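# sequence and predicted structure below; questions after.
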Amino acid sequence: IDQATVGPAHNLYVAGGMILCQLGMFVLFAMLLRAALVNSLLMFVATLVLDLLMGRDSTAVRVALLWFHLAAVVIGVTGGWLLERRLRDTFLGQRALAAERAKSEQLLRNVLPEVIAERLTHHAGTIAEAHGEVSVLFADLVGFTPMASQMRPEKLVRVLDHLFREFDRLGERYGVEKIKTIGDAYMAAASLPIARPDHAQALVYMAFDMLDVVRWTNLEAGRQLHLRIGIHTGPVVAGVIGQRDRKSTRLNSSHT
């Protein structure tokens, strides 16, 4: 082979290919920065060894090729670091967004029934449904206002928190949906949002257990709490109204 044909021009082609390979490892192939840097340095050393053993270029050409290789390494490291940093930031942002979305969905499911929360998550718009037979329970503490004025706020909150937590457990046991609490008032419904034939019976059983909870609380803490409960049955229109109050139930006509 004619050396004039495969001399400097051939070496420039080889150098150009090596430089492209180095840049590709950092940017195009999306290799880890550390692995790409090690491979690039190994390639650079191999190129120098081959050039020393087989190359016949002048010193100026060798120095130019050396600078080309170093420039490729520097550019590759910089581009690879920027790309890796951007990918990491994107991944962390997506993970944080997924965590916030999961937290929001969990909060929504804690506030709303599972069926309604699922509909709100996947379908926007107003939710309103008519139910022919629903039983609704209202319960509140007798003499709560004067009792609240005589108790420390933190103690009052602990008492209500204890009672409402127990009521929530009873609701889960009997398949009753908690609607909301306002002060000492507790509202729950059965056969909503999923119809069931024993809705009135479930609320009656739950009401007796709620009275037992208050009775045991009085025995353990030496209090004199009294709970009054009303249960109504009839057709109901239920829906999600407004932006902040996520539950709203209206009793059209009812009978005890």
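Looks like it arrived, so ask away.
# helices of the stretch 101-250 of the chain, start to end?
Assigned by DSSP state H, counting those that start in this stretch, the helices in the stretch 101-250 of the chain fall at 114-122, 144-150, 153-174, 199-221.
# what's the longest one in contact with?
This points to helix 199-221. Residues outside helix 199-221 that contact it (Cβ atoms under 8 Å, 6 or more residues apart in numbering): 133-137, 139, 159, 162-163, 166-167, 170-171, 173-176, 188, 190-191, 196, 223-227, 229, 231, 233. To be clear about C-beta, it is placed using only N, CA and C from the backbone, and glycine gets the same treatment.
# give me the below-cutoff pLDDT ranges for the stretch 51-200 of the chain.
Scanning the stretch 51-200 of the chain for pLDDT under 70 picks out the ranges 51-62, 64-65, 76, 107-128.
# mind redoing it with 90?
51-133, 143-159, 177-183, 191-196 (pLDDT under 90).
# now the strands for the stretch 1-150 of the chain?
127-141 (DSSP state E, counting those that start in this stretch).
# wait, isn't residue 69 in contact with residue 44?
Yes. In this structure residue 69 lies within contact range of residue 44 using Cβ atoms under 8 Å: 5.2 Å.
# in stretch 161-172, what counts as buried?
163, 166, 167, 170, 171 (16 or more other Cβ atoms under 10 Å).
# and these, which is closest to residue 36?
Distance to residue 36 across these (Cβ to Cβ) is lowest for residue 171, with 58.3 Å.
# list the buried residues for stretch 66-74?
68, 69, 72, 73.
# just the ones of those residues in helices?
68, 69, 72, 73 (DSSP state H).
# got the CA coordinates for stretch 227-239 in CSV?
Below are the C-alpha coordinates for stretch 227-239, written out as CSV (Å, rounded to 0.1, in the frame of the first residue of the first chain):
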residue,chain,number,x,y,z
LEU,A,227,-74.8,10.8,73.1
ARG,A,228,-78.0,11.3,71.2
ILE,A,229,-78.6,9.6,67.9
GLY,A,230,-81.1,10.0,65.2
ILE,A,231,-81.6,7.8,62.1
HIS,A,232,-83.6,8.7,59.1
THR,A,233,-84.4,6.7,56.0
GLY,A,234,-85.6,7.9,52.6
PRO,A,235,-84.6,9.1,49.1
VAL,A,236,-81.4,11.1,48.9
VAL,A,237,-79.6,13.2,46.3
ALA,A,238,-75.9,13.1,46.9
GLY,A,239,-73.1,14.8,45.0
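# pLDDT of that stretch, averaged?
The average pLDDT for stretch 227-239 rounds to 88.
# I'd like the helices of the stretch 101-250 of the chain as TSV, with distance to residue 35 appended.
Shown next, in TSV, are the helices of the stretch 101-250 of the chain (distance: least, Cβ to Cβ, whole Å):
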stretch	distance to residue 35
helix 114-122	41
helix 144-150	66
helix 153-174	53
helix 199-221	63
